[in-house]
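Undergrad: Mind looking at a prediction? Sequence and model below.
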Amino acid sequence: QLSFVESGGGLVQPGESLRLSCAASGHTFDYVAIGWFRQAPGKEREGVSCTGNSDGRPYYADSVKGRFTISKDGSTNTVYLQMDSLKPDDTAVYYCAVCWGATPLTDFGSWGQGTQVTVSS
């Protein structure tokens, strides 16, 4: 199983950017899709982006398309989430996990501790 450590969250104003990092440990990093999920207060955890999807392209939730970009660096076992044009609705704790599209595959890796993103003026 993979394990993850998320970082890069913070407090930003609407319209600003953040880049989240997900450092993975485990020997299967190169063979699985890894992505980002988020959970806002009082809401269920939702899929944000995943490097793997049924159409062969990265998955993005409709709410983040055109603003967020996911990337994977096999040399450092790190997955990044570049978040631009942030909105207050993006406020949440962000987690990474093994995934396929919007679905977490927790049999292949446990949740990390998450990183808090707060977008507020």
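TA: Structure received.
Undergrad: What sits closest to the residue nearest to the spatial centre of the chain if chain neighbours are left out?
TA: Central residue of the chain (Cα atoms, centre = their mean): Trp36, 2.0 Å from the mean position. Once flanking residues are discounted, Trp36 sits nearest to Val48: 4.4 Å by Cβ to Cβ, 6 or more residues apart in numbering. From N, CA and C alone the C-beta is placed, and that goes for glycine too.
Undergrad: for Phe108, same thing?
TA: Counting by Cβ to Cβ, 6+ apart, the residue nearest Phe108 is Val98, at 4.1 Å.
Undergrad: Now the strand or helix carrying the one you found - C-alpha only, CSV.
TA: Here Val98 sits within strand 92-100, counting by DSSP states H and E. Written as CSV, here are the backbone C-alpha positions of strand 92-100 (Å, rounded to 0.1, in the frame of the first residue of the first chain):
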residue,chain,number,x,y,z
ALA,A,92,-11.7,22.5,2.3
VAL,A,93,-9.2,20.0,3.6
TYR,A,94,-7.5,18.4,0.6
TYR,A,95,-6.4,14.8,0.7
CYS,A,96,-4.6,12.6,-1.9
ALA,A,97,-5.3,9.0,-2.5
VAL,A,98,-5.1,6.3,-5.1
CYS,A,99,-8.0,6.8,-7.5
TRP,A,100,-9.7,6.2,-10.7
